[in-house]
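Student: Dropping a prediction and its sequence here:
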Amino acid sequence: MSDAVAAVELDGITKRFPGVVANDAVKLRVMPGEVHAVIGENGAGKSTLMKILYGMQRPDEGTIRVGGKEVHFRSPKDAIAAGIGMVHQHFMLADNLTVLENVVLGSEPTKGIVIDVAKAEGRIKELSGTYGLPLDPDRLVEDLAVGERQRVEIIKVLFRGARILILDEPTAVLVPHEVDDLFNHLRALKEEGVTILFISHKLEEVLALADTITVMRGGRTVATVKPEGVTRGQLAELMVGSELPRPETRESTVTKDVILSVEDVTVKSFDGRVLVEGVTFSVHRGEVVGIAGVQGNGQGELIEAIMGLLPLDRGRVRLGEQEISAWGTRERREAGIGYVPEDRTEQGLLLPSPVWENVMLGHQTSRPFSHGPWVDAAGARQRAEEVVKEFGVRTPGVDVAVYALSGGNQQKLIVGREMIAGPKVLIAAQPTRGIDVGAQAAVWDQIRRARIEGLGVVLISADLEELIGLSDSLWVIFRGRLVAKLDPQTVTPEELGVYMTGAKQEAAAG
């Protein structure tokens, strides 16, 4: 095997940013037709390494070889020309276009001066059949389920001739049966000789799918192992130096005091479509209420309505005994509602601003961030230092722009900012998305400790084990309605996934 020509070989890859070495003489060897997983903590250098391989960034040192030939990528266009495609964690699709239009966008086959639609459609159907990725070229992307959208992304890179496929956290938004479908598709790709680089935080999935696993820590490759020769716990120890934590919370801290009430809440879009319909539930002090749903079923609009970011068409929201339906978002925040938004870069952070300014967001009118009408920069910096230390945010300092932090460290910064403020209620949408197992454990511990002290939590997560493990009550949302209330102590991830896709429903009483 060592004498065979590698599909991809990275040798001595080093990449430096101000104050941090993201990749330090990294070595990675991926053989043709294998599924090669790359795992590691946030800040371990995985994303940077993949961006270098895909031409999004250029290394300071080291060489890249594809099929045994040294290459120098100046942009993703160069990587695509070399047969490398990348499916990002957040899909890059235009909802208002068809599958065919999304697939050919930027790579349109032409007949004269017009797009050769018949040729494009034939090629898409050929790829769909060959790799077991069923798709209707004429369907609008906005009508597709999450798993189907992912198929579009994969077909899109295959359409451009990719034989080396990079998948960044591909299961982050999928329910269990969609994960099974994806793995079947990836095995079919492998059988056809496609080489797959698989980036994931979910160690069970890595062990189930990968032929080879490379572990990164502190910007370096620390081990390359075969799944049959390593356990989940050993992988976790290689990544973070300790056994893998789990999110179980079984001792009840739920009190009789209702801290948040959502009553008959209905939300409509600007064009009159119903996004959330008649949702009613309550959160008690010391209670974590989980809401499970496939992405796009109204959970995002529901939490934005609770936060005052979307107007209610009907219903009301109460904080304790006080109705807050007419309050603005700032008033709700000042009254004690913490918020971890689903999209950290769009809703949670000011990327060009330093860490200390981002720690102020949503809390800028209170101590230690303000002194009368003035910003207290010294107080803000001190609080930022506390967040960085307590939540393990890896940053050279609090004056560094947030865009320089890895995605996982950005997420830890948001969670820390909200938790350290001591909220009465925390609205947490995907609080551990994109963070490593060690950071997950820190977030779970913070939620558990605050729950004991009386925090009420609304938890939305694509990690079904997290939902089941942390929740005291568990609701399922489907097409904007709560369709089932399940017992976290007895439900399995597979059963929960069935409810989430609408295959099973029960009368749900508030």
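Tutor: Alright, I've got the coordinates.
Student: can you give me the strands for the stretch 101-250 of the chain?
Tutor: Ranges of strands in the stretch 101-250 of the chain, per DSSP state E, counting those that start in this stretch, are 110-111, 114-115, 164-168, 195-199, 212-217, 220-225.
Student: Could you export those strands to a markdown table, including columns for mean pLDDT and mean neighbour count?
Tutor: For the C-beta atoms, the positions are set from N, CA and C on the backbone; glycine is no exception. A markdown table is the format used below for the strands of the stretch 101-250 of the chain (pLDDT from 0 to 100; neighbours: other C-beta atoms under 10 Å):
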| stretch | mean pLDDT | mean neighbour count |
| --- | --- | --- |
| strand 110-111 | 74 | 10 |
| strand 114-115 | 77 | 12 |
| strand 164-168 | 92 | 24 |
| strand 195-199 | 94 | 23 |
| strand 212-217 | 93 | 22 |
| strand 220-225 | 93 | 16 |
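Student: Of these, which is nearest residue 277?
Tutor: strand 164-168 (34.1 Å; C-beta to C-beta).
Student: Low-confidence stretches in the chain?
Tutor: 1-3, 172-173, 175, 241-250, 434, 436, 503-510 (pLDDT under 70).
Student: Could you find the residue nearest the spatial middle of it?
Tutor: residue 433 (4.0 Å; C-alpha atoms, centre = their mean).
Student: so which helix or strand takes in that one?
Tutor: Under DSSP states H and E, no helix or strand contains residue 433.
Student: For it, give its distance to residue 178.
Tutor: The gap separating residue 433 from residue 178 is 16 Å, by C-beta to C-beta, to the nearest Å.
Student: swap in residue 160?
Tutor: In terms of C-beta to C-beta, residue 160 sits 24 Å off from residue 178.
Student: same check, this time on residue 41
Tutor: 26 Å.
Student: who has more neighbours, these two?
Tutor: residue 41 (25 against 20; other C-beta atoms under 10 Å).
Student: Show the contacting residues for that one.
Tutor: 217, 239, 240, 408, 436, 437, 438, 439 (C-beta atoms under 8 Å, 6 or more residues apart in numbering).
Student: Report how many residues lie close to the fourth one.
Tutor: Translated: residue 408. Residue 408 has 27 nearby residues by other C-beta under 10 Å.
Student: repeat for residue 90
Tutor: Neighbours around residue 90, by other C-beta under 10 Å: 12.
Student: and residue 37, what element?
Tutor: strand 35-40.
Student: Output the contacting helices and strands for that strand.
Tutor: Of the remaining helices and strands, those touching strand 35-40 by 3 or more C-beta pairs under 8 Å, 6 or more residues apart in numbering; DSSP states H and E are strand 20-30, helix 46-53, strand 195-199, helix 203-209, strand 212-217, helix 232-240.
Student: okay, now the domains of the chain?
Tutor: 8-240, 245-336+423-510, 343-421 (automatic domain parsing).
Student: Residue 308: which of the strands of the stretch 101-250 of the chain is closest?
Tutor: strand 164-168 (32.9 Å).
Student: Could you pull up the residues touching the residue nearest to residue 121 when sequence neighbours are not counted?
Tutor: Nearest non-adjacent residue to residue 121, counting by C-beta to C-beta, 6 or more residues apart in numbering: residue 137, 4.9 Å away. Residues in contact with residue 137 (C-beta under 8 Å, 6+ apart) are 98, 99, 100, 103, 120, 121, 124, 125.
Student: Next, format the helices and strands packed on strand 35-40 as JSON lines and append distance to residue 299.
Tutor: Formatted as JSON lines, the helices and strands packed on strand 35-40 follow (distance: least, C-beta to C-beta, whole Å):
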{"stretch": "strand 20-30", "distance to residue 299": "34"}
{"stretch": "helix 46-53", "distance to residue 299": "26"}
{"stretch": "strand 195-199", "distance to residue 299": "25"}
{"stretch": "helix 203-209", "distance to residue 299": "23"}
{"stretch": "strand 212-217", "distance to residue 299": "33"}
{"stretch": "helix 232-240", "distance to residue 299": "29"}
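Student: wait, which of these is closest to residue 287?
Tutor: helix 203-209 (28.5 Å).
Student: which secondary structure elements does that closest one contact?
Tutor: strand 35-40, helix 176-191, helix 232-240.
Student: contacting residues around the spatially most distant residue from the centre of the chain?
Tutor: Here the centre of the chain is the reference, and by C-alpha atoms, centre = their mean the most remote residue is residue 112, at 42.2 Å. Going by C-beta under 8 Å, 6+ apart, residue 112 touches no other residue.
Student: And it, how close does it get to residue 485?
Tutor: 59 Å.
Student: now do residue 310
Tutor: Computed as C-beta to C-beta, the residue 310 to residue 485 distance reads 24 Å.
Student: for residue 178, same thing?
Tutor: Taken as C-beta to C-beta, the span from residue 178 to residue 485 is 23 Å.
Student: swap in residue 43?
Tutor: 39 Å.
Student: One more: residue 153?
Tutor: As judged by C-beta to C-beta, residue 153 and residue 485 stand 34 Å apart.
Student: what does the helix or strand residue 62 falls within contact?
Tutor: Assessed by DSSP H and E, residue 62 sits inside strand 61-66. By C-beta under 8 Å, 6+ apart, the residues outside strand 61-66 that reach it are 6-14, 23, 25-26, 52-53, 70-73, 82-84, 164.
Student: cool, stretch 369-387 as well?
Tutor: For stretch 369-387, contacts defined as C-beta under 8 Å, 6+ apart pick out 355-357, 359-360, 363-364, 367-368, 393, 398, 413, 416-417, 420.
Student: Apply 6 Å and report the result again.
Tutor: 355, 356, 359, 360, 363, 368, 398, 416, 417, 420 (C-beta atoms under 6 Å, 6 or more residues apart in numbering).
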